[in-house]
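S.K.: Using only what follows, build the 3D model:
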Amino acid sequence: MDLHLEDKIILVSGGAKGIGFGICRTLAAEKAVPVIVGRNESDNQIAVAEIEKTGGRAFAITAELSDPEACRGAVSELISRFDRLDGLVNNAGANDGVGLENGNYERFLASLHQNLIHYYLLAHYALPALKVSRGAIVNIGSKTAETGQGGTSAYAAANGGRNALTREWAVELLPFGIRVNAVIVAECWTPLYERWIQTLPNPAEKRSEIESRIPLGQRMTTPEEIGATVAFLLSEKSSHTTGQLIHVDGGYVHLDRAI
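M.R.: Numbering: from 1, shown residues only. Model prediction:
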């Protein structure tokens with residue numbers, strides 16, 4: 001299917017690794033130009049080089065998105081470079097384990113900056129350009145907002161906020177033809193996930209246990225599977241889809257995991 005994304009400029013926060021990189025590779029394969037925004041310049045440039053090796057195009061902007069001013073600066077730099085913006089993928093963040101018992105005000109607030117507030121700020125600063133292009137927004141979210149996990153209050157709260165903002169923005173931006181959707185992730189195999197599981201006493205056993213609870217195929221989702229859905233939601237092929245929370249999770253959240 002031709003998604004008609006050729007030459008579209010798409011901002012992807014946290015696009016250098018994991019799910020974000022899977023999204024960027026998919027967009028580049030569709031001939032769009034993903035603009036990676038993230039804190040690590042080396043990681044950003046490696047990701048761009050990897051995409052260019054396969055014949056795609058990409059660009060990178062280094063910014064610490066937990067800093068509100070850096071969010072403004074990143075969007076400003078993108079517009080200065082390309083003079084347009086066709087889509088926004090809010091993706092950056094990490095499950096930092098700030099729980100109810102082991103957290104405090106400072107850590108909870110810092111986690112919200114890392115996982116939620118920049119979603120709002122990037123959309124806020126991108127909005128003038130998205131109005132011109134009638135572009136789309138896709139927010140990447142996590143199952144933790146719906147299922148809970150334990151020991152991760154801040155991340156769960158951030159993802160609840162992401163879901164709520166998806167619905168709120170879909171309503172607010174109707175007059176401008178800007179569609180807003182979310183892709184909800186459960187268990188997706190990324191380098192970060194692999195590093196976490198290797199810290200456990202029996203990594204292979206733990207992975208097998210987790211995968212056994214995923215109904216479709218008893219395997220984890222891949223970043224490319226997330227990327228395919230994101231690309232579709234950014235494209236005109238999903239022209240009448242907005243305000244949706246779309247779970248790409250092998251049925252983890254909504255199917256009986258006992259099956």
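S.K.: for the biggest helix by length in the chain, packing partners?
M.R.: Secondary structure assigned by DSSP state H gives helix 153-172 as the longest helix of the chain. When contacts are defined as 3 or more CB pairs under 8 Å, 6 or more residues apart in numbering; DSSP states H and E, helix 153-172 sits against helix 105-112, helix 118-133, strand 136-142, helix 144-147, strand 179-185. Just so you know, the C-beta spots here come from the backbone N, C-alpha and C atoms, and that holds for glycine as well.
S.K.: Where does the prediction get shaky in this structure?
M.R.: In the prediction, the chain carries no residues with pLDDT under 70.
S.K.: so what are the domain limits for it?
M.R.: The chain breaks down by automatic domain parsing into domains covering 9-186+222-246, 189-220.
S.K.: Determine how far the last residue of the longest one lies from the first.
M.R.: Taking CA to CA, to the nearest Å, the span from the opening residue of domain 9-186+222-246 to its closing residue is 23 Å.
S.K.: cool, stretch 224-244 as well?
M.R.: This stretch, stretch 224-244, spans 20 Å end to end (CA to CA).
S.K.: next one: stretch 198-214
M.R.: Using CA to CA, one end of stretch 198-214 lies 20 Å from the other.
S.K.: Pro68 contacts Ile117, doesn't it?
M.R.: Yes. Contact criterion CB atoms under 8 Å: Pro68 and Ile117 qualify, at 7.2 Å.
S.K.: Compare the two and say which one has the larger neighbour count.
M.R.: Just comparing Pro68 and Ile117: by other CB atoms under 10 Å the higher neighbour count belongs to Ile117, 18 against 15.
S.K.: so how far is Ala182 from the more buried one?
M.R.: Separation of Ile117 from Ala182 (CB to CB, to the nearest Å): 17 Å.
S.K.: Now find how far off-centre stretch 52-69 is within its chain.
M.R.: 14 Å (CA atoms, centre = their mean, to the nearest Å).
S.K.: Identify all contacting residues around it.
M.R.: With contact meaning CB atoms under 8 Å, 6 or more residues apart in numbering, stretch 52-69 is reached by 13-14, 16, 24-25, 28-29, 31, 33-41, 44-45, 47-48, 51, 70-71, 73-74, 77-78, 81-82, 92, 110, 113-114, 117-118, 121-122.
S.K.: Can you list which of the residues you listed are found in helices?
M.R.: Taking DSSP H as the definition of helices, the contacts of stretch 52-69 contribute 24-25, 28-29, 41, 44-45, 47-48, 51, 70-71, 73-74, 77-78, 81-82, 110, 118, 121-122.
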